[in-house]
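Asker: generate a structure from the sequence data that follows.
(chains A and B)
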Amino acid sequence: MGMAAESQFHVLAVDDSLFDRKLIERLLQKSSCQVTTVDSGSKALEFLGLRQGIESNDPNALSTAPVNHQEVEVNLIITDYCMPGMTGFDLLKKVKESSALKNIPVVIMSSENVPARISRCLEEGALEFFVKPVRLADLNKLKPHMMKTKLRSQKMEEIEKPSKDENGSVVAAVVSEIKDSTKTEIEILPLQQDPLLVQQGEQMLSTNNKRKSMEEGISTDRARPRFDGITTAV
Amino acid sequence: MQRQVALIKQSLFDQGYLDEQFMELEELQDDANPNFVEEVSTLYFKDSARLINNIDQALERGSFDFNRLDSYMHQFKGSSTSIGANKVKAECTKFREYCRAGNAEGCLRTFQQLKKEHSTLRKKLEHYFQLARQAGPKETARRPK
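Answerer: Numbering: from 1, shown residues only, chains lettered A, B, ... in the order given. This is a model prediction of the structure:
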């Protein structure tokens, strides 16, 4: 509360049910996030298309929590699975296929606990899958990720040019833990900035006790294309 | 007065009208959002009234489109679960089972029961919120968000 819009973690929540939107909005606000809600996948894409690097002057596209309309990035998308037209799964695919948007983590929510559905979403690149009703405890799972992303954005604001440290790799590792599963996967997100961020990432990882997942290496059972030429400095 | 409100709330839990999800909603209430639970509750009843109406019409037509009915009930069950409406949720589950079994008679019967539970909960919650408002006007000034 009382944080500047730039530094607050911004979540785009997508759900066709007004009731569910109100609920997820309150949950996210309670978790100190800035929230924008939309009622469809297509509106979500519209919002993302407008917002990424471009100032939006379209107040009709969405309903937002009462914050000042400064230009902000979307740091996370949380979407319902079952929606008419574009499902949450379709939205996930579109986000991950877009070069502009694929780095935005996506969380899927569903009132139905269907293991096949859950694995399909995670395989497609979803960060997490929450069974509704979503609770504060579920969102707390995203906190380490939120902190890391916020730190990274702050670093990107502070560091105008890359520093002199050359090790060739510019990477921050994001670790996501799969719900109800023992294996841990890593999403590698390429950045344009310097390796200082890797070290920041390392510190976050070790405090989260997820160092072992880095040592285990990258999971290969994914449909998404791999990024070439990326090394993680462990 | 506050004690009376607390007792009413407790009885709603004890009698199984509400489950712990309702408590989760109360956790989301704070000085900046002091009426959150009542607001979502109002939303829920508006939403569910619409769904009940849709289902009523579908059943009256006599055409048992079980897929469609199941789809309505899926939504209904979802929001009932999210608000902690325990008994209503149970009836939703039963209804869906009858849909999947293609049992029209079972659907009709269950739906009547569902409407009864829904109506009872609505009255009880309205009463509860009314008392809660009377009993505890927020003394603390609202902090800007």
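Asker: CA only for contacts and neighbour counts going forward, please
Answerer: Will do.
Asker: and A:T37, that one's in a strand?
Answerer: Yes - assignment of A:T37 by DSSP: H, G, I helix; E, B strand; the rest coil places it within a strand.
Asker: without its sequence neighbours, what residue ends up closest to it?
Answerer: A:A13 (4.7 Å; Cα to Cα, 6 or more residues apart in numbering or on different chains).
Asker: burial count for the one you found?
Answerer: 27 (other Cα atoms under 10 Å in any protein chain shown).
Asker: okay, and the beta partners of it?
Answerer: A:T37, A:I78 (DSSP bridges).
Asker: am I right that it is in contact with A:R26?
Answerer: No - the pair A:A13 / A:R26 is not scored as a contact, 11.0 Å apart, by Cα atoms under 8 Å.
Asker: for stretch A:9-23, output the C-alpha coordinates as CSV.
Answerer: C-alpha atoms of stretch A:9-23 as CSV (Å, rounded to 0.1, in the frame of the first residue of the first chain):
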residue,chain,number,x,y,z
PHE,A,9,3.9,-6.0,-8.9
HIS,A,10,1.2,-5.7,-11.6
VAL,A,11,-1.1,-8.7,-12.3
LEU,A,12,-3.5,-9.0,-15.1
ALA,A,13,-6.5,-11.2,-14.0
VAL,A,14,-8.7,-12.8,-16.6
ASP,A,15,-12.1,-14.3,-15.8
ASP,A,16,-15.5,-14.2,-17.5
SER,A,17,-17.3,-14.4,-14.1
LEU,A,18,-17.7,-11.0,-12.4
PHE,A,19,-17.9,-12.7,-9.1
ASP,A,20,-14.6,-14.5,-9.6
ARG,A,21,-13.0,-11.3,-10.9
LYS,A,22,-14.0,-9.5,-7.8
LEU,A,23,-12.6,-12.3,-5.7
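Asker: just the buried residues of it, please?
Answerer: For stretch A:9-23, a neighbour-count test (16 or more other Cα atoms under 10 Å in any protein chain shown) marks A:9-23 as buried.
Asker: the closest residue to chain B within chain A in helix, strand or coil?
Answerer: Here chain A gets closest to chain B at one residue, A:P133, 5.1 Å apart by Cα to the nearest Cα. Three-state call for A:P133 (three-state DSSP): coil.
Asker: just list what the helix or strand B:Y44 falls within packs against, helices and strands only.
Answerer: Element membership for B:Y44, per DSSP states H and E: helix B:36-60. The helices and strands touching helix B:36-60, judged by 3 or more Cα pairs under 8 Å, 6 or more residues apart in numbering or on different chains; DSSP states H and E, are helix A:18-30, helix B:20-27, helix B:66-83, helix B:104-135.
Asker: so can I have JSON lines of those showing distance to A:E73 and mean pLDDT?
Answerer: Formatted as JSON lines, the helices and strands packed on helix B:36-60 follow (distance: least, Cα to Cα, whole Å; pLDDT from 0 to 100):
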{"stretch": "helix A:18-30", "distance to A:E73": "16", "mean pLDDT": "95"}
{"stretch": "helix B:20-27", "distance to A:E73": "29", "mean pLDDT": "95"}
{"stretch": "helix B:66-83", "distance to A:E73": "29", "mean pLDDT": "93"}
{"stretch": "helix B:104-135", "distance to A:E73": "39", "mean pLDDT": "94"}
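Asker: looking at those helices, spot the one closest to A:C82.
Answerer: Proximity to A:C82 (Cα to Cα) singles out helix B:66-83 among the helices and strands packed on helix B:36-60, at 9.8 Å.
Asker: residues near residue 45, how many?
Answerer: Using chain A. The burial count for A:L45: 16, using other Cα under 10 Å.
Asker: my bad, the chain I had in mind was chain B
Answerer: 18.
Asker: and if you look at A:K94?
Answerer: By the measure other Cα under 10 Å, the count of residues near A:K94 is 15.
Asker: and for the strand or helix carrying it, what's in contact with it?
Answerer: For A:K94, the host element (DSSP H and E) is helix A:88-97. If you take Cα atoms under 8 Å, 6 or more residues apart in numbering or on different chains as the criterion, helix A:88-97 is touched by A:41-42, A:45, A:79-82, A:101-104, A:106, A:108, A:121, A:124-126.
Asker: can you name the residue of chain B nearest to chain A?
Answerer: The nearest approach of chain B to chain A comes at B:S82, 5.1 Å away (Cα to the nearest Cα).
Asker: not counting its neighbours along the chain, what's nearest that residue?
Answerer: Among residues not flanking B:S82 along the chain, A:P133 sits closest, at 5.1 Å (Cα to Cα, 6+ apart).
Asker: try B:R96
Answerer: Nearest residue to B:R96, sequence neighbours excluded (Cα to Cα, 6+ apart): B:D70, at 5.7 Å.
Asker: how about the contacts made by that neighbour?
Answerer: Counting by Cα under 8 Å, 6+ apart, B:D70 makes contact with B:R96, B:C99, B:R100.
Asker: again, 10 Å this time
Answerer: Applying Cα atoms under 10 Å, 6 or more residues apart in numbering or on different chains to B:D70 gives the contacts B:I55, B:F76, B:K77, B:C92, B:T93, B:F95, B:R96, B:E97, B:Y98, B:C99, B:R100.
Asker: I figured the first one hits B:L69, correct?
Answerer: Same thing as B:I55. Yes - checked against Cα atoms under 10 Å, the pair B:I55 and B:L69 is within contact range at 6.5 Å.
Asker: between the two, which one's more packed in?
Answerer: B:L69 (21 against 18).
Asker: so who does the more buried one touch?
Answerer: Contacts of B:L69 by Cα under 10 Å, 6+ apart are B:L51, B:N54, B:I55, B:D56, B:A58, B:L59, B:F95, B:R96, B:C99, B:R100, B:C107.
Asker: who wins for neighbours among those?
Answerer: B:F95 (27 neighbours).
Asker: that residue belongs to a helix?
Answerer: Yes - using three-state DSSP, the secondary structure at B:F95 is a helix.
Asker: was I right about it contacting B:F111?
Answerer: Yes - under the criterion of Cα under 10 Å, B:F95 makes contact with B:F111 at 6.8 Å.
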